[in-house]
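Asker: the following comprises the amino acid sequence and a computationally predicted model.
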Amino acid sequence: MSLDQLIKGCKRNDTQAQSQLYKLYASKLFSVCLKYSRNYVEAEDNLQDAYLTIFKKIGQFKSQGSLEGWMKRITINTALQRYRSAGVFDIINEDQIEDVTVNVDDDDDMSIDYLLIIIQELPDRYRLVFNLYALDDYSHKEIAALLNISTGTSKSNLARARMILKEKIKQYKASPNSQSI
């Protein structure tokens, strides 16, 4: 079945088309869920909720732009909604602080798995802003709108996330056991 046929089938609530669409994009969207979730189980829940929304709103997809991009945006919004509902951002109103960059040299032996672990360990508000800005190329203005925070708070949370990551990377490099992580 072509992608257009899958989309048309999903619009008709054809479970076979839905199953094929799920299989086609599940691994990519699950990796998105992992970035925005505290753990594997939460990522699984977010993926399921995202697909429910995707199938519910597939009629709104107008074939302008990529289906994958549209589905990714829904997946990110689904994960963020969990945090908005939990009030993660309710008490935040921080002023902008100095921007901090995190550099990982190409010759470092730090694994991508370790980097993902330390990103996942960030406090929710810092992890979400870091992922949206650094990994998914959202602007601070877009992040502020998505999370219902100010752009200054977005910048502040990004800087704090980077400071935490920089410290964890520094600890990793100083650890004699860093080769086994």
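Answerer: Nice, thanks for sending it over. These numbers were taken from a predicted model, which means no experiment stands behind them.
Asker: show me where the chain dips below the pLDDT cut-off.
Answerer: 86-110, 176-181 (pLDDT under 70).
Asker: one more pass at 80, please.
Answerer: Applying pLDDT under 80 to the chain flags residues 83-113, 175-181.
Asker: all strands of it, in order?
Answerer: Under the criterion DSSP state E, the chain carries no strands.
Asker: which stretches of it form helices?
Answerer: Counting by DSSP state H, one finds helices in the chain at the ranges 3-11, 15-36, 40-57, 67-86, 112-120, 124-130, 140-147, 151-174.
Asker: ok, now how distant is Lys56 from Thr78?
Answerer: Look at Lys56 and Thr78: by Cβ to Cβ, to the nearest Å, they are 11 Å apart. From N, CA and C alone the C-beta is placed, and that goes for glycine too.
Asker: look at the two and report which has more neighbours.
Answerer: Looking at Lys56 and Thr78 with other Cβ atoms under 10 Å, you find the greater number of neighbours at Thr78, namely 23 against 11.
Asker: list the contacts of that one.
Answerer: Asn46, Asp49, Ala50, Thr53 (Cβ atoms under 8 Å, 6 or more residues apart in numbering).
Asker: any idea how far the second one lies from Tyr114?
Answerer: What that stands for is Asp49. Asp49 sits at a distance of 28 Å from Tyr114 (criterion: Cβ to Cβ).
Asker: same deal with the last one?
Answerer: The span separating Thr53 from Tyr114 equals 32 Å under the rule Cβ to Cβ.
Asker: just name the most buried of the helices of the chain.
Answerer: helix 124-130 (a mean of 23; mean count of other Cβ atoms under 10 Å).
Asker: C-alpha coordinates for that helix, PDB please?
Answerer: What follows is helix 124-130, C-alpha atoms only, in PDB (Å, rounded to 0.1, in the frame of the first residue of the first chain):
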ATOM      1  CA  ASP A 124      11.100  17.800  33.500                       C
ATOM      2  CA  ARG A 125      11.000  21.600  32.700                       C
ATOM      3  CA  TYR A 126      14.700  21.600  31.800                       C
ATOM      4  CA  ARG A 127      14.600  18.400  29.700                       C
ATOM      5  CA  LEU A 128      11.600  19.500  27.700                       C
ATOM      6  CA  VAL A 129      13.000  22.900  26.900                       C
ATOM      7  CA  PHE A 130      16.400  21.400  26.100                       C
END
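Asker: packing partners of that helix?
Answerer: When contacts are defined as 3 or more Cβ pairs under 8 Å, 6 or more residues apart in numbering; DSSP states H and E, helix 124-130 sits against helix 67-86, helix 112-120, helix 140-147, helix 151-174.
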